[in-house]
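>>> Sequence and predicted structure are below.
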Amino acid sequence: MEILKLEGVRKYFGGVRAVDGVSFSVEEGALLGIIGPNGSGKTTLFNVISGVYKPDSGKIYFMGERIDGLEPHEVFKKGIVRSFQNPRLFLGMTVIENLMIPPRGQIGENPVKALFRGLWARQERSLAKKALEIIRAHQLTQVRLNWSGEVSGGQMKLIEISRALMGEPKLLLLDEPTAGVAPKLAREIFERIVKLRDELGLTFMIIEHRLDVLFDYVERVLVMHQGKIICDGPPDYVVKDERVVDAYLGE
Amino acid sequence: MGVDILPLVTSIVTFYGIYLILALSFNIEYGFAGQPNFGKVFFYSIGAYVAGNFTANMLMRASGVTGVDFCSDLAAEVRFKVAMSKPWLIIALFLLSLLIAAAVGGVFGYLTSYPALRLSGDFLAIVLLAFGEIGRVFARNYTPLVCGVYGLSGVPNPLVWIGDPRMARLAYSAIVLAIAFGMYLLTERLVNSPYGRLLKSIRDDELVSSVMGKVTPRVKGSALIIGSSMAAVAGVLYAFYVQTVVADDFIPIVTFVVVTMVMLGGVANNKGTLLGAMVMTLMDRLTRASFLRILGISVGFDISYVRYIVTGLLIILILMVKPEGLISEKPLKTPAIEEAEKLS
């Protein structure tokens, strides 16, 4: 079943055609890599899907429903959660608190109910346990109570992924999840992504520059260049494509 | 003859309570939610106007006296007499004023948040600052509210029937302090919760907060409603203490004294606010000629201008030397943190 479908999506910034008529669809449970040179429009594509930018034209369907033009919080509610390329953590909070932001339906987020701890403490504790599980899986247990600005760059990326997972996504958009992460841990992250896909049926779209790691795990790769998709296929097909080689090495 | 310190204590305690409520409300809006409500004095004044206008009108009605100008000295005298003879009435009016002002303050908080929340940071601050001035100029010129430039006098201390005015003031200051401390406890409960965390997420990165599913304009609006409602309560306490409501008391410096309290104590930290409010209340009281006169001190110039200088200097000094304030921010005390601490 198709979980996401884009039809002729465009997003221009003045004369810059960041996303220039992109159409593709993603099957539920897919592990899709998105690659392309710097400035090819990958992150803008994520911004358009997640509602951060409104597309100039084109349609985006998520599980059969139009989502283009929705606000970011509405897109989140449909089940699309994303991470950011340059970590954007809540710096006035600890690591665990960062993970406690995305969970849906938190009773204590209502200012009146917040005054009555009995109404939400149990829910909070069970969410915290889930967060601590995810923290452990990403080897962040040691820093769980650090301010989120007081961890290493690699750990920030891991917190980004962990936080996105707390949003109970159906579709996860990960923007360079392993940039700045040690090679061994990078592979562990991808192994975990595969496991999440297999066990929970989540769908992943992953922007990544570490092609050696990415190609070992994804089944399908989209290659972007100057706002367009120039190639779409399995990794071994994509690497042999002349257009892809040209885009990366210059014609 | 020694110095009579009772009025000084009463004055410091009362103003500490009033300023503490204002500072807590600003801490919720700015310290936690990141919304610089530089119109704080506006919402404070709303409470005073509500208390003054409502109480004065009701007392006039209860007196049965008609044909007397609401703003006249005679009317003020009539109101005091009624309050002296009917303790239950003035106490009821005081309590009702608190409730009505909290509601009206909240409504104005909501109304101003509507245009204001489409702006961010500095722009929001300027718009709200302007709201405050508009409110003051309006009250100054619209005499039915609080008698324009002359102000409305004869808003009796709710404990005036005790008889001895010194004791009435002392008892009243204890009530103000109790209300302020209750507000402190409520604020602590409010922010040490998922709601407090939600506010901080907006302060730290509003875009990410909305990408994580939060309806940020609504949440920012809720913080302004709560903060404005609290400020209006402080305004009621002020009106019944000074027993006069004058529009020109509500000038922007009041806001900045409150801002300095929060910055000095440390943002997003209510314990810091307790401390900052204490320091700034003392500064505020000690730069008033009327206050110094009781201590037998007189200076050869208008001391009130020292208040502006000290406030400005303090803001600059804090920003340069200790931007995090005297007590720095701590993680919120939520069950999530407790669970994380349990691991080892």
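That came through fine. Every value quoted in this text rests on a predicted model; they were computed, and no experiment measured them.
>>> Next, count neighbours for residue B:134.
Using other CB atoms under 10 Å in any protein chain shown, residue B:134 is surrounded by 12 other residues. From N, CA and C alone the C-beta is placed, and that goes for glycine too.
>>> With residue A:117 instead?
16.
>>> residues in contact with it?
A:108, B:189, B:193, B:335 (CB atoms under 8 Å, 6 or more residues apart in numbering or on different chains).
>>> how about the closest residue to residue B:187 other than its chain neighbours, what does it touch?
If the residues on either side of it in the chain are set aside, residue B:187 comes closest to residue B:24, at 4.7 Å by CB to CB, 6 or more residues apart in numbering or on different chains. By CB under 8 Å, 6+ apart, the contact list for residue B:24 reads B:183-184, B:187, B:230, B:270, B:273.
>>> Where neighbours are concerned, which of these has the most?
residue B:273 (31 neighbours).
>>> Show me the two of the contacts of residue A:117 that sit farthest apart.
Greatest spacing in the contacts of residue A:117, by CB to CB: B:189 and B:335 (13.3 Å).
>>> which of those two has more neighbours?
Comparing residue B:189 with residue B:335 by neighbour count (other CB under 10 Å), the higher total belongs to residue B:335, at 22 against 16.
>>> With residue B:222 as the reference, measure out to residue B:115.
Residue B:115 is 16 Å from residue B:222, where distance means CB to CB, to the nearest Å.
>>> And these two? Which one has more around it.
Between residue B:115 and residue B:222, counted using other CB under 10 Å, residue B:222 has the larger neighbour count: 23 against 11.
>>> Sticking with the more buried one, tell me its helix or strand.
When elements are assigned from DSSP states H and E, residue B:222 belongs to helix B:216-242.
>>> Any residue of that helix touching chain A?
Yes. Using CB under 8 Å from any CB of the partner chain, helix B:216-242 reaches chain A at B:216, B:222, B:226.
>>> Could you do stretch B:254-267 as well?
No. Counting by CB under 8 Å from any CB, chain A has no neighbours in stretch B:254-267; the shortest distance is 9.0 Å.
>>> in the helix or strand harbouring residue B:136, what counts as buried?
For residue B:136, the host element (DSSP H and E) is helix B:121-141. Buried residues in helix B:121-141, defined by neighbour count with 16 or more other CB atoms under 10 Å in any protein chain shown: B:124-125, B:127-129, B:131-132, B:135-136, B:139-140.
>>> what secondary structure does residue A:90 sit in?
Following DSSP: H, G, I helix; E, B strand; the rest coil, residue A:90 is assigned to coil.
>>> Equivalent analysis for residue A:3, please.
Under three-state DSSP, residue A:3 comes out as strand.
>>> Got phi/psi on residue A:59?
phi -130, psi 140 (degrees, to the nearest 10).
>>> Now it. Nearest residue, chain neighbours left out?
residue A:7 (4.5 Å).
>>> Next up, the contacts around that neighbour.
So residue A:7 contacts A:23, A:58-61 (CB under 8 Å, 6+ apart).
>>> Which ones among the residues you listed lie within strands?
A:23, A:58-61 (DSSP state E).
>>> Alongside chain B, which residues does the stretch 101-250 of chain A contribute?
Counting by CB under 8 Å from any CB, the stretch 101-250 of chain A sits next to chain B at A:101-102, A:104, A:106-111, A:114-115, A:117, A:120-121, A:124-125, A:127-129, A:131-132, A:141, A:144-145, A:163, A:167.
>>> Mind giving me the PyMOL select for the residues you listed, buried ones only?
The buried residues among those can be selected in PyMOL (16+ other CB under 10 Å) with this line:
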select buried, chain A and resi 101+102+106+107+108+109+110+111+114+117+120+121+124+125+127+128+131+132+144+163+167
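>>> can you give me the strands for the stretch 151-251 of chain A?
All strands of the stretch 151-251 of chain A, identified by DSSP state E, counting those that start in this stretch, fall at A:171-175, A:203-207, A:220-225, A:228-233.
>>> roughly how far is the longest helix along chain A from the heart of the chain?
Longest helix in chain A by number of residues, with DSSP state H as the criterion: helix A:117-137. Centroid separation for helix A:117-137 versus its chain: 23 Å, with CA atoms, centre = their mean, to the nearest Å.
>>> mean confidence score for that helix?
In this model, helix A:117-137 has a mean pLDDT of 96.
>>> dump the residue contacts of residue B:215.
Neighbours of residue B:215 in contact, by CB under 8 Å, 6+ apart: residue A:73.
>>> Show the model's pLDDT score for residue B:294.
pLDDT, read off for residue B:294, is 80.
>>> could you pull out the helices for the stretch 101-250 of chain A?
For the stretch 101-250 of chain A, the helices defined by DSSP state H, counting those that start in this stretch cover A:111-114, A:117-137, A:153-165, A:183-200, A:211-214, A:235-238, A:242-249.
>>> CA atoms of the third one as CSV?
This points to helix A:153-165. Taking C-alpha atoms only, helix A:153-165 is exported to CSV below (Å, rounded to 0.1, in the frame of the first residue of the first chain):
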residue,chain,number,x,y,z
GLY,A,153,27.7,16.3,18.2
GLY,A,154,27.1,12.7,17.5
GLN,A,155,25.0,12.3,20.6
MET,A,156,22.9,15.3,19.4
LYS,A,157,22.1,13.4,16.2
LEU,A,158,21.1,10.4,18.3
ILE,A,159,18.8,12.5,20.4
GLU,A,160,17.2,13.9,17.3
ILE,A,161,16.4,10.4,16.1
SER,A,162,15.3,9.3,19.6
ARG,A,163,13.0,12.3,19.9
ALA,A,164,11.4,11.6,16.5
LEU,A,165,10.7,8.0,17.5
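>>> who touches residue B:176 in this structure?
Residue B:176 touches B:13-14, B:17-18, B:237, B:241, counting by CB under 8 Å, 6+ apart.
>>> Just checking the strand or helix carrying residue B:276 against chain A, any contact.
Secondary structure assignment for residue B:276, by DSSP H and E: helix B:270-286. No. Using CB under 8 Å from any CB, we find that helix B:270-286 stays clear of chain A, coming within 14.2 Å at best.
>>> Show me what that helix is packed up against.
helix B:6-26, helix B:165-191, helix B:252-265, helix B:304-321 (3 or more CB pairs under 8 Å, 6 or more residues apart in numbering or on different chains; DSSP states H and E).
>>> which residues of the stretch 51-200 of chain B score low on pLDDT?
Residues of the stretch 51-200 of chain B that meet the criterion pLDDT under 70 lie in B:116.
>>> List, one by one, the residues from it near chain A.
Residues of the stretch 51-200 of chain B found near chain A, taking CB under 8 Å from any CB as the criterion, are B:186, B:189-190, B:193-198, B:200.
>>> ok, and what's touching the helix or strand hosting residue A:48?
Remark: residue A:48 resides in helix A:42-49, with elements defined by DSSP H and E. Under the contact criterion CB under 8 Å, 6+ apart, helix A:42-49 has outside partners A:4, A:6, A:9, A:11, A:18-19, A:22, A:34-36, A:52-55, A:60, A:67-68, A:75, A:80, A:82, A:85, A:173, A:175, A:205, A:207, A:224, A:227.
>>> Quick check: the gap between residue A:70 and chain B.
11 Å (CB to the nearest CB, to the nearest Å).
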